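Undergrad: Predicted model follows, preceded by the sequence.
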Amino acid sequence: MRRFRLPEKGFTLIELMIVVTVIAVLVMIALPSYTKYTFRARRGEGQELLLRLANAQERYYATYNKYAQDPVTDLKFASDVSAGGYYKIKLEQLDGTTFATGYIATAQAAGSQKGDSCGDLTLDSRGNKSQSGLNTANGRCW
């Protein structure tokens, strides 16, 4: 009686190395795109913080006839940091004047958001929006 040999099961080392190489190439292509996407998605957090602050500033101005100097004490914000911790708010006087005439609010990128090409986001009491960085490849900053 003859015995037939069954084919061996499994993968060869060459087949495994090819799979690992293909996965590495896919990761190298996908990772920069994912990083850009996360920066763009987190940027909305800074924009929301500035717009919420501007709304609170206008309410404060309607009551006290001047703009608030501190978002935590004057505007009753829970914190001067955004919900995810990617932006920190900073208030300054507009053009070196007093807070009675205007303010500049800056959402400073913090933590891993510092790598965003838009940098810090700025909104003033006149409604002017700007950013500190030069964004050329990752969507609009505002």
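TA: Right, received. Where do you want to start?
Undergrad: what are the ranges of the helices in this protein?
TA: 13-64 (DSSP state H).
Undergrad: mind showing which ranges of it have poor pLDDT?
TA: Scanning the chain with the threshold set as pLDDT under 70 gives 1, 96-97, 136.
Undergrad: switch the cut-off to 90
TA: For the chain, the stretches with pLDDT under 90 are 1-12, 31-36, 93-101, 115, 117, 133-142.
Undergrad: Could you tell me the end-to-end distance of stretch 122-132?
TA: Start and end residues of stretch 122-132 are separated by 8 Å (Cα to Cα, to the nearest Å).
Undergrad: buried residues in that stretch?
TA: Thr122, Leu123, Asp124, Ser125, Gln131 (16 or more other Cβ atoms under 10 Å). C-beta: built from backbone N, CA, C; applies to glycine.
Undergrad: And for stretch 36-50?
TA: Phe39, Arg40, Arg42, Arg43, Glu45, Gly46, Gln47, Leu49, Leu50.
Undergrad: quick one on the thing from earlier: adding distance to Gly102, write the buried residues of stretch 122-132 out as a markdown table.
TA: A markdown table is the format used below for the buried residues of stretch 122-132 (distance: Cβ to Cβ, whole Å):
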| residue | distance to Gly102 |
| --- | --- |
| Thr122 | 13 |
| Leu123 | 11 |
| Asp124 | 7 |
| Ser125 | 4 |
| Gln131 | 19 |
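Undergrad: Pull the most distant pair out of those.
TA: The most widely separated members of those are Ser125 and Gln131, with 17.6 Å between them, by Cβ to Cβ.
Undergrad: Skip the chain neighbours and tell me the closest residue to Glu92.
TA: Excluding the flanking residues, the one nearest Glu92 by Cβ to Cβ, 6 or more residues apart in numbering is Ile104, at 4.7 Å.
Undergrad: Next: Ser112.
TA: Tyr86 (7.3 Å).
Undergrad: burial count for the one you found?
TA: 25 (other Cβ atoms under 10 Å).
Undergrad: OK, contacts around it?
TA: Residues in contact with Tyr86, defined by Cβ atoms under 8 Å, 6 or more residues apart in numbering, are Arg42, Glu45, Gly46, Ala109, Ala110, Gly111, Ser112, Gln113.
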